[in-house]
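Student: this one's structure only:
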């Protein structure tokens, strides 16, 4: 493997080029995976405007809007890393309301939000219709190895030291979950694109040698 430093702008341009090269007759479901300190949401947001300029409709979804009810998430306590790893996100709802409708033969009608953790109630958001050729950009942690049906995956990788350093204080209790993710899933081996972001201001693409 080789590591190629790029600017944040160059990273976006290369990802947009790869996405835009796909056939526009169906939908494309892109997942941007990473811990909060790796800023996957910022990278996902940055893809939207240039894709729209190229004529591809874009819809953004974040897994933070698809949490399970508090009774499930917090059953083992508020700061249990195994609960965060295993039961925090409502993957069934994400599949049913977002990914399946954008699969071949789907309706294109999706929900961009599902659950409000502040009220612990459904958001009751209206359905959005994504036209053919549209691109879903989904961001969040622990996306890979879950069975989510994504067409292109980007993993924002960090060294253990960078992960610990950049993780916000309120999320430090999740560190064991990310260690488990690295060991059990190996996201750097599963992702279609791997970006090293020990410092998101100075990303680097990880590519096969040769």
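Tutor: Cool, got the structure. Remember, it's a predicted structure, so these values are computed and weren't measured experimentally.
Student: tell me where this protein is predicted with low confidence.
Tutor: Counting by pLDDT under 70, the chain shows low-confidence ranges at 210.
Student: what about the strands in this protein?
Tutor: For the chain, the strands defined by DSSP state E cover 2-5, 28-33, 58-62, 109-110, 115-116, 121-122, 128-129, 135-140, 152-157, 193-196, 204-207.
Student: tabulate those strands (TSV), appending distance to residue 21.
Tutor: Every residue, glycine included, has its C-beta placed from N, CA and C. Below are those laid out as TSV (distance: least, C-beta to C-beta, whole Å):
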stretch	distance to residue 21
strand 2-5	19
strand 28-33	10
strand 58-62	15
strand 109-110	23
strand 115-116	34
strand 121-122	37
strand 128-129	24
strand 135-140	12
strand 152-157	11
strand 193-196	13
strand 204-207	16
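Student: now do the contacts for residue 180.
Tutor: 81-82, 85 (C-beta atoms under 8 Å, 6 or more residues apart in numbering).
Student: and it, how close does it get to residue 142?
Tutor: Distance, residue 180 to residue 142, by C-beta to C-beta, to the nearest Å: 9 Å.
Student: which of the contacts of residue 180 tops the neighbour count?
Tutor: Most neighbours among the contacts of residue 180, by other C-beta atoms under 10 Å: residue 85, with 20 neighbours.
Student: centre-most residue in this protein?
Tutor: residue 139 (2.5 Å; C-alpha atoms, centre = their mean).
Student: wait, doesn't it sit right on residue 44?
Tutor: Yes - counting by C-beta atoms under 8 Å, residue 139 does reach residue 44; the two are 3.9 Å apart.
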